[in-house]
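# model the structure of this input:
(one chain, ligands or ions: 2)
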Amino acid sequence: MRRIAFMNQKGGVGKTTTVANLGAALALMKRRVLAVDVDPQANLTTHLDHQMDPEGPTVYEVLTGRATPAEAIVPTSTPGLHLLRSSIDLSGAEIELVSSFGRETILREALERHLREMPAEERYHFLLLDCPPSLGLLSLNALTTATEVMIPIQTQFFAMRGMSKLLEVIRLVRKRLNPRLVIGAIIPSMADFRTNLTREVLEEIRQYFGEKVTRTVIRTNVRLAEAPSHGKTIFQYERYSRGARDFLDLAREILSPGEFASPSVPESPKSERTVPGGDADHDAVPDEDRQDGGGVSPLS
Ligand code: ATP
Ligand code: MG
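Ligands and ions are numbered 1, 2, ... in the order given. Here you go, the predicted model:
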């Protein structure tokens, strides 16, 4: 099972959109996916569980020991895609848990117990964790549960701002809490190839992160922005849209990194601009740390 946290403390970069639609794309490719909403904004929950029971247990009850993951996980309208729900209650969890022992690993322990008890044929191939736009305790719980972190980056000005802080937190988590954690991918999002800015920022991102950047670039697509308000994934809302194509491409690339050449990504011109925040030590994430993309073996 691959466990991937989608993280960027910058808000509105496409984390939730990626978890919802990548999760749906992987499920369409016959993978069993559990999407975990670790954000008190609960946008992923609203997106995937439109008919949600407002009283139902959520990840908040799981973190505070009042419910098991099995009670807080619901199927979604996409077969094979399940959701561990969130709610606004989660905003209190960081304070409530502040003096709990092992507070950074509560989610991992609860989920591992649950996953171990699942019948083999129901086990997930992918765990996708949608983080809040902060580097607090909830994000730490996601980073200790995951073995890969993927960072969506908006291909817009200031895209790289705050990146060194994020990489530092990932390094610290790896050192102190989760030695298996690697940076799986940087995912350029909300690209508009009609503008030079998108091409320039994409070039900066590629210069900085090199091979870690996915070949698939998620382009700006109004259908992706509309789908959540209908409680639909992009494949249910507009399956022939650009957004749907991009998330299918991303799913294929994540299943087989290295083998994939995206037809939808134009070459970017060279840019002389320097990268803000370029002091971060991205060499700390060696290439051999990349996970193999099989993604189909059940939890061992
Ligand atoms: P937060 O940090 O607040 O959790 P986020 O990183 O999860 O935000 P999203 O909620 O996925 O970001 O996206 C922010 C907004 O941009 C949403 O309204 C979403 O519908 C829209 N959006 C995301 N990706 C795209 C895209 N490729 N094209 C157009 N709109 C998009
Ligand atoms: Mg979000």
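# for the stretch 151-300 of the chain, give me the ranges with low pLDDT.
Scanning the stretch 151-300 of the chain with the threshold set as pLDDT under 70 gives 257-300.
# what residues does it have near ligand 1?
189-190, 218, 220-221, 224-225, 228 (CB under 6 Å from any ligand atom). C-beta: built from backbone N, CA, C; applies to glycine.
# redo that, cut-off 8 Å
152, 189-191, 218-228, 243, 246 (CB under 8 Å from any ligand atom).
# so how do I select the buried members of these in PyMOL?
In PyMOL, a selection of the buried entries from these looks like this (16 or more other CB atoms under 10 Å):
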select buried, resi 152+189+190+191+218+219+220+221+223+224+227+228+243+246
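# what about the residues of the stretch 151-300 of the chain next to ligand 1, which are in strands?
152, 189 (DSSP state E).
# return the subset of the residues of the stretch 151-300 of the chain next to ligand 1 lying in helices.
222-226, 243, 246 (DSSP state H).
# OK, contacts around the closest residue to ligand 2 within the stretch 201-300 of the chain?
Proximity of the stretch 201-300 of the chain to ligand 2 (CB to the ion) peaks at Pro228, 10.2 Å away. With contact set as CB atoms under 8 Å, 6 or more residues apart in numbering, Pro228 has these partners: 17, 20, 43, 46-47.
# ranges for the helices of the stretch 151-300 of the chain?
Secondary structure of the stretch 151-300 of the chain, counting by DSSP state H, counting those that start in this stretch: helices at 163-176, 196-209, 222-226, 234-237, 242-255.
# neighbours of whichever residue of the chain sits closest to ligand 2, how many?
Per CB to the ion, the residue of the chain with the smallest distance to ligand 2 is Thr16, at 3.3 Å. Counted with other CB atoms under 10 Å, residues neighbouring Thr16 total 27.
# ok, then the element right after the helix or strand hosting it?
Following DSSP states H and E, one finds Thr16 within helix 15-28. Using DSSP H and E, the helix or strand that follows helix 15-28 towards the C-terminus is strand 33-37.
# what is the mean pLDDT for that following strand?
Here strand 33-37 scores 98 as its mean pLDDT.
# cool, stretch 114-130 as well?
So the average pLDDT for stretch 114-130 ends up being 95.
# so that stretch, near ligand 2 or not?
No - residues of stretch 114-130 are not located near ligand 2 by CB under 5 Å from the ion, the shortest gap being 5.9 Å.
# ok, and what's touching that stretch?
So stretch 114-130 is contacted by 1-6, 15-16, 19, 22-23, 26, 31-39, 43-44, 68-70, 82, 111, 142, 145-146, 295-299 (CB under 8 Å, 6+ apart).
# out of those, which are buried?
The neighbour-count test (16+ other CB under 10 Å) marks 1-6, 15-16, 19, 22-23, 26, 31-39, 43-44, 68-69, 82, 111, 142, 145-146, 295 as buried among the contacts of stretch 114-130.
# how far away is the nearest residue to Ala24 once chain neighbours are set aside from Tyr60?
In this structure, Ala24 finds its nearest non-sequential neighbour in Thr233, 3.8 Å apart by CB to CB, 6 or more residues apart in numbering. Distance, Thr233 to Tyr60, by CB to CB, to the nearest Å: 24 Å.
# cool, Arg161 as well?
31 Å.
# who has more neighbours, these two?
Per other CB under 10 Å, whichever of Arg161 and Tyr60 has more neighbours is Tyr60, with 23 against 11.
# element containing the more buried one, please.
Using DSSP H and E, Tyr60 maps to helix 59-63.
# same question, Leu83
Here Leu83 is assigned to strand 81-84, by DSSP H and E.
# beyond that strand, next helix or strand please.
Downstream of strand 81-84, the first helix or strand assigned by DSSP H and E is helix 93-96.
# quick one: buried residues of that following helix?
By neighbour count with 16+ other CB under 10 Å, helix 93-96 contains the buried residues 93-94.
# for it, packing partners?
Under the contact definition 3 or more CB pairs under 8 Å, 6 or more residues apart in numbering; DSSP states H and E, helix 93-96 sits against helix 137-145.
# only alpha carbons, please: show the helix it packs on as PDB.
Once non-C-alpha atoms are left out, helix 137-145 reads as follows in PDB (Å, rounded to 0.1, in the frame of the first residue of the first chain):
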ATOM      1  CA  LEU A 137      -0.200  18.700  14.800                       C
ATOM      2  CA  LEU A 138      -2.700  17.600  12.200                       C
ATOM      3  CA  SER A 139      -0.200  17.900   9.400                       C
ATOM      4  CA  LEU A 140       2.300  16.000  11.600                       C
ATOM      5  CA  ASN A 141      -0.100  13.200  12.100                       C
ATOM      6  CA  ALA A 142      -0.500  13.000   8.300                       C
ATOM      7  CA  LEU A 143       3.300  13.000   7.800                       C
ATOM      8  CA  THR A 144       3.800  10.200  10.300                       C
ATOM      9  CA  THR A 145       1.100   8.100   8.700                       C
END
